[in-house]
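Engineer: Output the structure for:
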Amino acid sequence: RYSFEYDLNDVFSRLVYGRVLFPDSKRATLKTASELFEKPSFQYHDMMRALSVLSQQSEFIQEKLYEGSQKLISRKTGVLYYDCTNFFFEIEEEKGMRKYGHSKENRPNPIVQMGLFIDRSGIPLAFHITDGNTNEQTTLLPLEKRIMRDYELSRFVICTDAGLSSDQIRKFNNFGERAFITVQSIKMMKVEMQKWCLDTTGWRLPGDDTVFDVSKLDDTQEKKDLYYDKVFYKETLIEGYDEERDIRFDQSLYVTFSLKYRDYLRSVRNGRVERAKRMLEQGGNRIERKGQNDVRQYISRTSQTKDGKVATKDIYKIDEDAIRKEEKYDGFYAVCTNLEADINEIIRVNKGRWEIEESFRIMKTEFDARPVYLQRDDRIRA
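Structural biologist: Here you go, the predicted model:
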């Protein structure tokens with residue numbers, strides 16, 4: 001389809017192996033490859049032009065990789081995990097698909113966004129690159145439809161985090177042989193449902209009809225040792241209707257509680273509070289919260305004195321109310337699903353989401369995929 005004369009396979013293989021063995025820029029990768037025994041058959045300008053071809057054929061390449069991998073291993077496509085990440089550019093002005101958006105690293109730079117599907121084995125299935133200001137929830141369905149069309153997959157469970165759990169996505173996967181398991185933020189629930197989730201009574205262990213009060217699981221050291229690694233749960237049915245397809249849209253809400261998970265969250269928060277205290281001790285003219293997990297969320301600012309007058313200087317202190325407010329969620333975790341399955345299986349499937357987070361971490365750290373220095377949109381996609 002193209003009139004180039006360079007060896008595309010040579011370019012592609014050097015880029016892939018170079019990214020794994022000695023991650024660097026395109027120019028540095030070519031220089032390092034030129035010092036090895038087998039010299040590259042192409043020049044730098046060939047590599048840049050090859051990126052444009054790879055971008056145009058990206059979906060075709062992904063499809064063929066999937067087909068080829070099936071000849072080597074059994075792909076576990078019964079469960080598909082989806083998540084998004086983004087890559088920043090060391091520029092100040094937006095250009096092309098490089099837009100200002102919600103940066104995962106809270107960086108004040110334009111970004112592009114990647115949406116990625118992996119299977120239950122943790123092996124990538126398909127991805128796409130979108131503008132940096134694109135709403136994450138709008139990126140899943142186009143890629144899922146492409147998988148269904150090009151990969152001929154129709155029977156699977158979509159598993160996502162809370163940020164990708166819109167009604168539109170759930171209803172789309174409430175049809176045919178598709179299903180969904182998605183994290184549900186308890187903090188974002190309505191008050192009545194939140195009270196039910198955090199109610200300490202009415203909990204069970206999988207396969208056991210005994211009812212527990214989770215607030216009393218660590219009354220004694222003996223009970224704590226017995227139940228520390230156990231996961232308790234309760235469930236309720238949320239009835240609904242899909243008017244577009246004229247079918248029922250019922251979801252099961254499962255809430256779990258674990259002493260081990262509770263202590264883990266408390267340990268993480270205690271560490272953040274200690275960092276916040278050190279920040280206060282060191283002083284500083286400005287202590288402003290930067291992000292959701294920023295330690296400064298535990299610092300309050302008072303601009304008035306006790307008698308209501310404007311203070312000459314802002315007063316900063318540890319926000320005990322914010323800590324107590326967050327503590328009540330410790331140990332609780334909720335998922336929504338339309339899947340009729342054992343609670344143990346739902347928990348196992350949902351736990352597999354760590355694989356996609358690990359993939360992003362490896363891509364950005366070990367493979368040095370950020371920042372990106374390319375200029376043209378097609379080459380950025382490549």
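
Engineer: Quick check, Lys104 in contact with Phe88.
Structural biologist: No. Applying C-beta atoms under 8 Å, one finds Lys104 not in contact with Phe88, separated by 9.0 Å. Heads up, the C-betas are built off the backbone N, CA and C, glycines and all.

Engineer: Between those two, tell me which one has more neighbours.
Structural biologist: Phe88 (20 against 16; other C-beta atoms under 10 Å).

Engineer: So for the residue most central in space within the chain, what's the pLDDT?
Structural biologist: The structure's the chain has its C-alpha centroid closest to Asp83; by C-alpha atoms, centre = their mean the separation is 4.5 Å. Listed pLDDT for Asp83 reads 94.

Engineer: Pull up the gap between the residue nearest to it when sequence neighbours are not counted and Glu105, please.
Structural biologist: Nearest non-adjacent residue to Asp83, counting by C-beta to C-beta, 6 or more residues apart in numbering: Ile356, 4.6 Å away. Counting by C-beta to C-beta, to the nearest Å, the separation of Ile356 from Glu105 is 17 Å.

Engineer: More neighbours: those two, which one.
Structural biologist: The neighbour comparison of Ile356 against Glu105 (other C-beta under 10 Å) goes to Ile356, with 23 against 13.

Engineer: biggest helix in this structure, by residue count?
Structural biologist: Longest helix in the chain by number of residues (criterion: DSSP state H): helix 259-282.

Engineer: Could you count how many residues lie near Glu93?
Structural biologist: The burial count for Glu93: 7, using other C-beta under 10 Å.

Engineer: Can you report phi and psi for it?
Structural biologist: Note on Glu93: backbone dihedrals following degrees, to the nearest 10 are phi -100, psi 140.

Engineer: so what's it up against?
Structural biologist: Contacts here follow C-beta atoms under 8 Å, 6 or more residues apart in numbering; on that basis Glu93 touches Pro110.

Engineer: The closest residue in space to Ile169 that isn't next to it in sequence and Gly122, how far apart?
Structural biologist: Leaving aside its chain neighbours, Ile169 sits nearest to Leu140 (5.6 Å; criterion: C-beta to C-beta, 6+ apart). As judged by C-beta to C-beta, Leu140 and Gly122 stand 19 Å apart.

Engineer: more crowded one of these two?
Structural biologist: Using other C-beta under 10 Å, the more surrounded residue of Leu140 and Gly122 is Leu140, with 23 against 14.

Engineer: I figured that one was touching Thr160, is that so?
Structural biologist: Yes. Under the criterion of C-beta under 8 Å, Leu140 makes contact with Thr160 at 7.1 Å.

Engineer: which residues do those two both contact?
Structural biologist: Tyr82, Ile169.

Engineer: Poorly predicted segments of this structure, please.
Structural biologist: Applying pLDDT under 70 to the chain picks out residues 283-293, 303-314.

Engineer: What ranges does it have for its strands?
Structural biologist: In the chain, the strands defined using DSSP state E lie at 79-88, 111-119, 124-131, 156-160, 178-184, 232-238, 241-242, 247-248, 251-257, 299-304, 310-318, 332-337.

Engineer: Helices of this structure, start to end?
Structural biologist: 8-21, 26-34, 44-56, 58-70, 140-150, 167-172, 191-198, 221-227, 259-282, 320-327, 343-351, 354-364, 377-381.

Engineer: ok now do Asp218, which residues does it touch?
Structural biologist: For Asp218, the contact set (C-beta under 8 Å, 6+ apart) comprises Lys224, Tyr227, Tyr228, Leu259.

Engineer: How about the backbone phi and psi for it?
Structural biologist: Dihedral angles (degrees, to the nearest 10) for Asp218: phi -120, psi 30.

Engineer: can the helices of the chain go into TSV with extra columns for distance to Gly132?
Structural biologist: Converted to TSV, the helices of the chain look like this (distance: least, C-beta to C-beta, whole Å):
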stretch	distance to Gly132
helix 8-21	22
helix 26-34	21
helix 44-56	17
helix 58-70	18
helix 140-150	17
helix 167-172	21
helix 191-198	33
helix 221-227	45
helix 259-282	28
helix 320-327	30
helix 343-351	28
helix 354-364	15
helix 377-381	11
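
Engineer: what about these, which gets the closest to Thr134?
Structural biologist: Nearest to Thr134 among those is helix 140-150; the distance by C-beta to C-beta comes to 10.6 Å.

Engineer: circling back to that earlier point, which residues does the residue nearest to the centre of the chain bridge with?
Structural biologist: Beta bridges link Asp83 to Leu116, judged by DSSP bridges.

Engineer: about what we covered before: would you check how far apart the residue nearest to Ile169 and Ile147 are?
Structural biologist: Between Leu140 and Ile147 the computed distance is 11 Å (C-beta to C-beta).

Engineer: Could you give me the buried positions within stretch 45-64?
Structural biologist: Across stretch 45-64, burial judged by 16 or more other C-beta atoms under 10 Å covers 46-55, 57-58, 62-63.

Engineer: And the contacts of it?
Structural biologist: With C-beta under 8 Å, 6+ apart as the test, stretch 45-64 has contacts from 2, 4, 6, 8, 11-12, 14-15, 26, 30, 42, 126-127, 146, 150-151, 374, 376, 378-379, 381-382.

Engineer: Just the buried residues from the residues you listed, in PyMOL please.
Structural biologist: In PyMOL, this line selects whichever of these come out buried by 16+ other C-beta under 10 Å:
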select buried, resi 6+8+11+12+14+15+26+30+42+126+127+146+151+374+378+379+381+382
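
Engineer: And the residue nearest to Asp83, how far from Leu217?
Structural biologist: 32 Å.

Engineer: repeat for Arg98
Structural biologist: 50 Å.

Engineer: cool, and Pro110?
Structural biologist: Pro110 is 48 Å from Leu217, where distance means C-beta to C-beta.

Engineer: And for Tyr316?
Structural biologist: For Tyr316, the distance to Leu217 equals 37 Å [C-beta to C-beta].
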